[in-house]
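Engineer: Need coordinates for the below:
(2 chains)
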2 protein chains.
Amino acid sequence: MDIKGFSFSTVEAAIKKPGRKDLALIYSEVPANAAAVFTTSSVKAAPVLLSQKNIAGGTAQALIVNSGNANACTGEQGMNVAVETSELISAALGIDKSAVQVCSTGVIGVQLPVEKIRSAIPSLVTALSSGTFSDVAKAIMTTDTFPKEATGNGAAAGTDYMVAGVAKGAGMIMPNMATMLSFIITDAAVEPTFLNNTFRAAVNRSFNAITVDGDTSTNDTCLIMANGMAENRLITSDSSDGETFAGILDNVLLSLAKQIVKDGEGATKFVEIKLIGARNDSDAKRAAMAVANSSLVKTAFCGEDANWGRIFAAVGYSGAEVDQSRLSLCFDDVCMARNGIFAGDDAEARGTVILKKEEFTVTVDLGLGTGSATVYTSDLTHDYISINADYRS
Amino acid sequence: MDIKGFSFSTVEAAIKKPGRKDLALIYSEVPANAAAVFTTSSVKAAPVLLSQKNIAGGTAQALIVNSGNANACTGEQGMNVAVETSELISAALGIDKSAVQVCSTGVIGVQLPVEKIRSAIPSLVTALSSGTFSDVAKAIMTTDTFPKEATGNGAAAGTDYMVAGVAKGAGMIMPNMATMLSFIITDAAVEPTFLNNTFRAAVNRSFNAITVDGDTSTNDTCLIMANGMAENRLITSDSSDGETFAGILDNVLLSLAKQIVKDGEGATKFVEIKLIGARNDSDAKRAAMAVANSSLVKTAFCGEDANWGRIFAAVGYSGAEVDQSRLSLCFDDVCMARNGIFAGDDAEARGTVILKKEEFTVTVDLGLGTGSATVYTSDLTHDYISINADYRS
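Structural biologist: Residues are numbered from 1 along each chain as shown, chains lettered A, B, ... in the order given. Below you'll find the model as predicted:
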């Protein structure tokens, strides 16, 4: 992978357990056009509050991220740590303070020891010549069982560019731990407003369409930096270059989002919930998310139980407009229910075969209109309980 | 227990497994003032749709309920079964068709065999002389491990009256099974509008304040019948009799609701979530329910992990107005966090002791206003997964 003008480094700052890299730096030689979305929670980690302020100008040049501590629910002291971190990076790299993005993931409510960051920064900056984006993907892992990476490439007026992304953990995924993080970089030159709009749309179709446990974290952050060093013709909304770039971005983000679901705590199934026939798209998303978050639906997936009634029940309480006599439901290509009632005994046997697969699609048709949405979820298993309840026992 | 003018019967109609009573009848000698609340789901069982229509006039005289089959997602055929059931009861008891309430609980999406109901009704009516309300509590059980009953009594102008209730199962509590049901009867004479209002308020403070798995069923029904046969002075809103009656009703419903949480699938903890200091009561309820439904909070309870950060995170995404610097949290009388940050290492040890109890209270203070709400929840355990996932394996 060669994304022009970006360099990377990771070090062990002793925030996590010994022997694990826990501090990473992404640096662009030149200020990059940047956009980010952050957790919608009212309880936001200190680095989220700082990064939100810093990204307001639409540019970023460096991103520092630690794992092992979320710096959330840490008050003024936590904010001071985030600010000092950005100042140290700004001084070490000779860049503007507001060009630094700060991210954290890990335990909530414990103060992040700033002296560990302070003493690690010199070696972090020195190591910029030798690191890779894959190293960053590994350094931000917490309960993740594999690093999550995706790349894509395109061309604008004959000039090639690359898009690459890394991500970690879905939902609040570890005892006391928080955070979904994803960082996307590209050397493409992209017009700022188009970058922001197309990025937000891609996030909605990917990270905002997955759920593992329905818990929104205090630290969720997804950020893109486009430094333009591919020197392509500027990508704007009113060109086929824009469509190409949007398509590549969609693919990279969706790949990362799906990897997060597949690595969901205790997950053994990857399920696509396809909601069609809704009165509008927001109704479709509401109904799809109700199904994807239902404990009863997710335990049925775990038990390989072709339990379509639980799915109709979830659609029913979702708040979406529903006419129960028009509902239909398929597992992959097996129709389980039609016009609100069971499709027959044959369906039961055939549906059960589908549920035994590791990946399958549930299609729910509300039969009311053309609204649709697709979301991705996992099953709810004994291992989820073990990871989240038995951790300290 | 002697509630004047009510009689009860239960029979085995072979809807459930052999050897279990699965059909019950409650009958009042005279038409009773009645009120009911039903599931808010758009996917409503046939008996819910019929009973909603029948209760519109504000009176009821008989209630027939079966367990083992929810008669939900059964289309026109299911509705015909519910209607025929009400007609058979109407004919057998010589009462108006619209005075019959029909309820079902059990598997979703399977047709309810009307011939079993038809052949059981004669013996059901004959047995009315010998049954008790406790028999009804047993006959409506599905995965419940104990029958749920509560009583209260009061007096209006020196005339005694009784209030009694039965209930079954929280949420959608069994593989393929649905339904929370609760029936309240009283021989008090209660003015209809006051009965309706005070009943709805009591339901909001009890059944609408509990959660086991966050799944709303297709069959939830809570109904009250007041037949006036205690011959007390009519209870109205503008009298101390009204307050007394409302208090008794609150106690009966809250007792039943708490029994349901304690008997929640796999539950080992009973937790009261007390949300105070909210901008208003609806914000308080929203935040309390987010905490009570969070898989991460509930697994922490299961693991006896004094994990206050997860609770703040749930409050943060609840949609309630939150200023994270004002949040505080206690487990019973142990303050875990104050002004949004950890209260200190001593709290950790003391909080863990509280979490080891079978029952405890979590008090969250948003520090913004005087809004408050109390909800009740259980922990999320391995047994919940086993009951809901491993049932058919």
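
Engineer: Strands of the stretch 251-393 of chain A, start to end?
Structural biologist: Using DSSP state E, counting those that start in this stretch, the strands of the stretch 251-393 of chain A run over A:270-278, A:328-331, A:334-338, A:341-342, A:359-365, A:371-378.

Engineer: which stretches of the stretch 201-350 of chain A form helices?
Structural biologist: A:240-262, A:281-293, A:295-302, A:308-317, A:345-355 (DSSP state H, counting those that start in this stretch).

Engineer: and the spatially closest residue to residue A:57 that is not a sequence neighbour, how many neighbours?
Structural biologist: Nearest residue to residue A:57, sequence neighbours excluded (C-beta to C-beta, 6 or more residues apart in numbering or on different chains): residue A:98, at 6.3 Å. To be clear about C-beta, it is placed using only N, CA and C from the backbone, and glycine gets the same treatment. As a burial measure, residue A:98 scores 17 neighbours (other C-beta atoms under 10 Å in any protein chain shown).

Engineer: How about residue A:337?
Structural biologist: Residue A:337 has 24 nearby residues by other C-beta under 10 Å.

Engineer: ok, it to residue B:272 distance?
Structural biologist: 39 Å (C-beta to C-beta, to the nearest Å).

Engineer: Residue A:284 too?
Structural biologist: 37 Å.

Engineer: Looking only at neighbour counts, state which of the two leads.
Structural biologist: residue A:284 (27 against 19).

Engineer: Name all residues that make contact with the more buried one.
Structural biologist: A:275-276, A:278, A:320, A:366, A:371-373 (C-beta atoms under 8 Å, 6 or more residues apart in numbering or on different chains).

Engineer: now with 10 Å?
Structural biologist: Residues in contact with residue A:284 (C-beta atoms under 10 Å, 6 or more residues apart in numbering or on different chains) are A:274-278, A:318, A:320, A:364, A:366, A:368-375.

Engineer: what do you get for residue A:369?
Structural biologist: A:276-281, A:283-284, A:321.

Engineer: Dump the helices of the stretch 201-350 of chain A into JSON lines; add distance to residue B:305 and mean pLDDT as well.
Structural biologist: Shown next, in JSON lines, are the helices of the stretch 201-350 of chain A (distance: least, C-beta to C-beta, whole Å; pLDDT from 0 to 100):
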{"stretch": "helix A:240-262", "distance to residue B:305": "24", "mean pLDDT": "92"}
{"stretch": "helix A:281-293", "distance to residue B:305": "22", "mean pLDDT": "93"}
{"stretch": "helix A:295-302", "distance to residue B:305": "19", "mean pLDDT": "90"}
{"stretch": "helix A:308-317", "distance to residue B:305": "28", "mean pLDDT": "90"}
{"stretch": "helix A:345-355", "distance to residue B:305": "32", "mean pLDDT": "91"}
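
Engineer: could I get those helices as JSON lines with distance to residue A:185?
Structural biologist: As requested, the helices of the stretch 201-350 of chain A are exported to JSON lines (distance: least, C-beta to C-beta, whole Å):
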{"stretch": "helix A:240-262", "distance to residue A:185": "10"}
{"stretch": "helix A:281-293", "distance to residue A:185": "29"}
{"stretch": "helix A:295-302", "distance to residue A:185": "34"}
{"stretch": "helix A:308-317", "distance to residue A:185": "38"}
{"stretch": "helix A:345-355", "distance to residue A:185": "39"}
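
Engineer: Name the residues linked to the closest residue to residue A:354 other than its chain neighbours by a beta bridge.
Structural biologist: The shortest distance from residue A:354 to any non-neighbouring residue, by C-beta to C-beta, 6+ apart, is to residue A:331 (4.1 Å). Bridge pairing for residue A:331 (DSSP bridges) gives the partners residue A:334, residue A:362.

Engineer: Please, a ChimeraX command that selects the buried ones among the contacts of residue A:369?
Structural biologist: To isolate the buried ones among these in ChimeraX, judged by 16 or more other C-beta atoms under 10 Å in any protein chain shown, type:
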select /A:276,277,278,279,280,283,284,321
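
Engineer: so which of the contacts of residue A:369 comes closest to chain B?
Structural biologist: Minimum separation from chain B among the contacts of residue A:369 (C-beta to the nearest C-beta) is found for residue A:321, which lies at 7.4 Å.

Engineer: Pretty sure residue A:224 sits against residue A:192.
Structural biologist: No. Contact status for residue A:224 versus residue A:192: not in contact, 11.1 Å apart, counting by C-beta atoms under 10 Å.

Engineer: and chain A, what are its domains?
Structural biologist: For chain A, automatic domain parsing gives the domain ranges A:6-262, A:270-389.

Engineer: Now do the first one: distance from first to last residue.
Structural biologist: Spelled out, it's domain A:6-262. Terminal residues of domain A:6-262 are spaced 29 Å apart (C-alpha to C-alpha, to the nearest Å).

Engineer: quick one: it to chain centroid distance?
Structural biologist: 10 Å (C-alpha atoms, centre = their mean, to the nearest Å).

Engineer: same thing with the shortest one?
Structural biologist: Taking C-alpha atoms, centre = their mean, the mean C-alpha location of domain A:270-389 is offset from the chain mean by 22 Å.

Engineer: Give me the distance between the two termini of that domain.
Structural biologist: 23 Å.

Engineer: how many neighbours does residue A:93 have?
Structural biologist: 18.

Engineer: where's it relative to residue A:9, distance?
Structural biologist: Taking C-beta to C-beta, one finds residue A:93 at 11 Å from residue A:9.

Engineer: Let me have the strands of the stretch 251-393 of chain A in JSON lines, adding distance to residue A:256 and mean pLDDT as columns.
Structural biologist: Output for these, formatted as JSON lines (distance: least, C-beta to C-beta, whole Å; pLDDT from 0 to 100):
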{"stretch": "strand A:270-278", "distance to residue A:256": "14", "mean pLDDT": "96"}
{"stretch": "strand A:328-331", "distance to residue A:256": "26", "mean pLDDT": "96"}
{"stretch": "strand A:334-338", "distance to residue A:256": "30", "mean pLDDT": "95"}
{"stretch": "strand A:341-342", "distance to residue A:256": "38", "mean pLDDT": "92"}
{"stretch": "strand A:359-365", "distance to residue A:256": "17", "mean pLDDT": "97"}
{"stretch": "strand A:371-378", "distance to residue A:256": "12", "mean pLDDT": "93"}
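
Engineer: Would you reformat those as CSV and include distance to residue B:65?
Structural biologist: Formatted as CSV, the strands of the stretch 251-393 of chain A follow (distance: least, C-beta to C-beta, whole Å):
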stretch, distance to residue B:65
strand A:270-278, 34
strand A:328-331, 28
strand A:334-338, 25
strand A:341-342, 22
strand A:359-365, 30
strand A:371-378, 35
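
Engineer: Out of those strands, which is closest to residue B:219?
Structural biologist: strand A:341-342 (15.9 Å; C-beta to C-beta).

Engineer: name the helices or strands packed onto that closest one?
Structural biologist: helix A:308-317, helix B:75-93 (3 or more C-beta pairs under 10 Å, 6 or more residues apart in numbering or on different chains; DSSP states H and E).

Engineer: In its sheet, which strands sit next to that strand, and in what direction?
Structural biologist: Going by DSSP bridges, the partners of strand A:341-342 are strand A:334-338 (antiparallel).

Engineer: now residue A:303: how far from chain B?
Structural biologist: 3 Å (C-beta to the nearest C-beta, to the nearest Å).

Engineer: count of neighbours near residue A:191?
Structural biologist: 18.

Engineer: Pull the number of nearby residues for residue A:374.
Structural biologist: Residue A:374 has 17 nearby residues by other C-beta under 10 Å.

Engineer: swap that for residue A:128, sorry
Structural biologist: 17.

Engineer: Thought residue A:27 was touching it, still the case?
Structural biologist: Yes. Residue A:128 lies in contact with residue A:27 (C-beta under 10 Å); the separation is 5.7 Å.

Engineer: shared neighbours, those two?
Structural biologist: Common neighbours of residue A:128 and residue A:27 (C-beta under 10 Å, 6+ apart) are A:6-9, A:62, A:93.
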